[in-house]
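S.K.: I need the structure of the sequence given here:
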Amino acid sequence: MSVNVLIVGAGPSGLSLALLLLRNGLSVRIVEKQLQFHPGERGAGIQPRTLELYKLLGILPDIIERSSPPPTNLRSFAMPDDGKPPNLTPIAQSLVNTPDRPLINARMLGQNRQEQLLRERILADYGIQVELGAELKSFEQQPDHVVAHVVKIVDSKIVEESFTVDWLVGADGARGVVRKQLGLTFLGESPEMDAVTGDIHVLGDSLDHLDFSIWRQSDQAEPVIVSMRPCAVQGKNLYQFLIGGGKRKLDIDKISSSRQEMVKAFHELTGRRDIEFGQLVWMGLWRPNIRMVDRFGEGRVFLVGAHVHSPTGGQGMNSSVQDSFNLAWKLTLAQKKFAPQSLLDSYSQERLPVIAAMLNKTTELFQKEFVGKAGQKQEFVRGYELRQLGINYRGAPLVSDEKFTDKDEVNDPYRSGDDGTARAGDRAPDAPCLAQLGVDETSSTVSLFDLLNTTQHSALVFPGSTGRYFADEVIGTLREYPSNLLKSIFILPRASDSASSFTLVDTEGHAYSGYHVAHDTPTVFIVRPDGYIGALVTSGRLGIRNYFSRIFL
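M.R.: Down below sits the predicted model:
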């Protein structure tokens with residue numbers, strides 16, 4: 001059976017993309033060359049921006065239920081341990097949620113458990129399973145389709161299958177066959193360091209269950225580092241470990257050859273023979289690379305997660321999932337012939353600057369954590385921007401802003417929303433306490449995030465206290481677009497006595513303040529299906545039509 005999209009790779013980015021496309025009515029196949037799902041934690045931090053996107057996707061309650069808060073502090077010990085109390089450094093400040101940022105703190109959920117959650121939801125909602133032992137060998141592009149050649153293991157036999165799809169997306173990593181066959185440049189560097197990492201059980205209470213422990217030599221030429229991070233799996237004393245350093249200091253191949261060698265190296269390096277280990281869940285080599293592709297697709301073939309870098313800062317998995325959110329709605333509109341295929345050009349245009357900024361930030365952290373002097377206070381401290389709430393597409397060709405028009409303004413793709421503005425390209429802020437007009441404001445309210453979704457644009461109309469003519473014009477203009485593609489949400493100031501054509505009342509003023517809208521300035525924010533502001537419109541009909549002319553046929 002032919003499907004719309006073949007997704008190669010069943011990590012968080014591939015599975016998120018699959019669920020997004022299925023939510024939008026497209027059909028998918030998901031192939032994974034491994035014979036079994038990876039058992040390890042790997043990337044475990046889920047940043048606040050990804051949590052917000054998971055709310056739009058409808059899986060946030062499951063994520064919250066299965067996840068836990070991140071480690072509070074870094075316990076930094078000498079190597080070998082000299083018995084002195086560790087240097088205690090906060091990793092990330094726990095902040096209080098705000099009306100516009102209701103999920104301001106990260107959560108921890110091992111990548112294996114996150115993948116399991118996504119697979120369960122895809123199977124329960126759509127009856128689709130990941131095809132294990134199925135490896136994409138090659139593909140050919142045609143103007144209107146892609147032919148994929150897959151080799152599968154069926155009943156212990158190798159079976160070759162060729163089939164046609166409308167689109168192909170590689171979620172198989174930057175080293176995967178999709179990037180290689182597209183011939184995309186893989187730019188970057190490879191720092192001199194080898195490491196072994198994995199998950200292992202620790203017996204007893206010799207390690208703190210809430211904090212991240214690290215041992216490091218202060219030798220600047222070739223530092224050696226050993227770390228243990230609690231995985232916060234209920235009822236299991238499970239830790240993710242890393243042992244790394246220069247090739248002349250450590251025989252990483254030997255250390256990674258068996259559980260016995262790994263435990264021996266840990267005890268010898270740290271001097272902590274009081275720490276006893278249980279079952280080894282998995283173990284593998286890690287060699288840092290800091291690289292990204294020069295573009296995220298070509299023709300009918302695209303990549304998500306096409307970047308490799310240090311795991312410091314918990315940015316990689318989150319960035320890959322956010323690639324999928326950016327791509328999914330554009331691919332849907334192109335497939336359904338609501339948008340030209342050229343809309344997909346904006347995927348690379350928007351994501352490349354963000355990923356480049358991310359690589360710079362994770363590399364800076366890598367230098368501090370793996371190369372810097374032991375005991376430095378700044379090591380492992382996570383800056384606010386790593387929560388990814390400031391990621392933005394300001395100035396990108398697809399977005400339209402009628403209020404902030406300075407084209408020469410320098411923009412940081414990782415920082416927005418802290419300058420007292422809400423602009424086109426920024427994440428859409430939340431706003432609680434919205435009441436339906438004519439209903440008792442104290443009985444039932446909703447938040448804006450409850451109304452947004454991954455299948456429609458949402459036009460947030462702020463008519464203010466003087467914008468009745470503006471609102472009537474906007475209503476007529478928005479009706480020009482299909483309701484399955486565009487949702488209209490009218491938000492009145494609390495003190496308004498306008499007619500019932502409006503739908504919600506901003507009972508506490510959070511919407512007007514969060515979007516920085518003056519009551520005497522009628523404004524429309526058009527929020528895209530990926531939760532970003534596509535347009536900030538003050539001109540009414542002209543601005544709305546101008547934005548959607550960039551989107552729809």
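
S.K.: Longest strand of the protein, counting residues only.
M.R.: strand 157-170 (DSSP state E).

S.K.: pull the longest helix from this protein.
M.R.: helix 345-366 (DSSP state H).

S.K.: quick revisit: counting contacts, what elements does the longest strand of the chain pack onto?
M.R.: strand 3-8, strand 145-154, helix 177-182, strand 301-303, helix 316-335 (3 or more CB pairs under 8 Å, 6 or more residues apart in numbering; DSSP states H and E). The C-beta positions use only the backbone N, C-alpha and C, and glycine is treated the same way.

S.K.: Out of these, flag the one nearest S67.
M.R.: helix 316-335 (13.0 Å; CB to CB).

S.K.: Okay, angle between the closest one and helix 345-366 too, please.
M.R.: Relative orientation of helix 316-335 versus helix 345-366 (axes from the mean of the first three to the mean of the last three CA atoms, to 10 degrees): 180 degrees.

S.K.: Secondary structure class of D408, three-state.
M.R.: coil (DSSP: H, G, I helix; E, B strand; the rest coil).

S.K.: Run a quick neighbour tally on it.
M.R.: 5 (other CB atoms under 10 Å).

S.K.: Mind listing what's buried along stretch 338-355?
M.R.: Neighbour counts over stretch 338-355 (16 or more other CB atoms under 10 Å) mark 338-339, 341, 343-344, 346-348, 350-355 as buried.

S.K.: Using pLDDT, spot the least trustworthy of those residues.
M.R.: Least confident by pLDDT among the buried residues of stretch 338-355: that is I355, with 87.

S.K.: before we move on, the earlier item: what sits up against the longest helix of the chain?
M.R.: With CB atoms under 8 Å, 6 or more residues apart in numbering as the test, helix 345-366 has contacts from 188, 191, 288, 290, 292, 294-297, 302, 307, 309-313, 315-316, 319, 322-323, 326-327, 330, 383, 385-386, 391, 393, 396-398, 412-414.

S.K.: buried subset of those?
M.R.: Here, 16+ other CB under 10 Å leaves 188, 288, 290, 292, 295-297, 302, 307, 309-313, 315-316, 319, 322-323, 326-327, 330, 385-386, 391, 393, 396, 398, 413-414 buried among those.

S.K.: So which of those residues sit within helices?
M.R.: 316, 319, 322-323, 326-327, 330.

S.K.: Would you map out the domains in the protein?
M.R.: 3-68+106-187+290-387, 194-286, 400-549 (automatic domain parsing).

S.K.: what's the most buried one of these?
M.R.: domain 3-68+106-187+290-387 (a mean of 20; mean count of other CB atoms under 10 Å).

S.K.: what's the span of that domain, first residue to last?
M.R.: By CA to CA, to the nearest Å, the extent of domain 3-68+106-187+290-387 from end to end equals 36 Å.

S.K.: Off-centre distance for it?
M.R.: With CA atoms, centre = their mean, to the nearest Å as the basis, domain 3-68+106-187+290-387 stands 9 Å off its chain's centre.

S.K.: can you give me the strands for the stretch 401-550 of the chain?
M.R.: Listed in chain order, the strands of the stretch 401-550 of the chain (DSSP state E, counting those that start in this stretch) span 434-436, 457-462, 486-493, 504-506, 523-527, 533-537.

S.K.: right, and those strands - which one's nearest K407?
M.R.: strand 533-537 (14.7 Å).

S.K.: tell me what that closest one is packed against?
M.R.: strand 400-401, strand 523-527, helix 541-549.

S.K.: Apply 7 Å and report the result again.
M.R.: Using 3 or more CB pairs under 7 Å, 6 or more residues apart in numbering; DSSP states H and E, the elements in contact with strand 533-537 are strand 523-527, helix 541-549.

S.K.: show me where pLDDT drops low in the chain?
M.R.: The chain contains residues with pLDDT under 70 at 1, 188-192, 218-222, 234-235, 247-248, 309-314, 362-382, 438-443, 495-502.

S.K.: any idea which element I200 lies in?
M.R.: strand 194-203 (DSSP states H and E).

S.K.: partners of that strand in the sheet?
M.R.: Take DSSP bridges as the rule and strand 194-203 pairs in its sheet with strand 238-245 (antiparallel), strand 276-286 (antiparallel).

S.K.: What is the distance between stretch 60-78 and the centre of its chain?
M.R.: 17 Å.

S.K.: Kindly report the same for stretch 520-534.
M.R.: For stretch 520-534, the distance to the chain centre is 21 Å (CA atoms, centre = their mean).

S.K.: Can you list the neighbours in contact with it?
M.R.: Stretch 520-534 has contacts (CB atoms under 7 Å, 6 or more residues apart in numbering) with 52-53, 56, 325-326, 329, 393, 399, 422-428, 452, 454-467, 470, 474, 515, 517, 535-538, 544, 547.

S.K.: Dump the helices and strands packed on strand 157-170 to JSON lines, plus distance to V96.
M.R.: Formatted as JSON lines, those follow (distance: least, CB to CB, whole Å):
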{"stretch": "strand 3-8", "distance to V96": "38"}
{"stretch": "strand 145-154", "distance to V96": "48"}
{"stretch": "helix 177-182", "distance to V96": "42"}
{"stretch": "strand 301-303", "distance to V96": "38"}
{"stretch": "helix 316-335", "distance to V96": "22"}
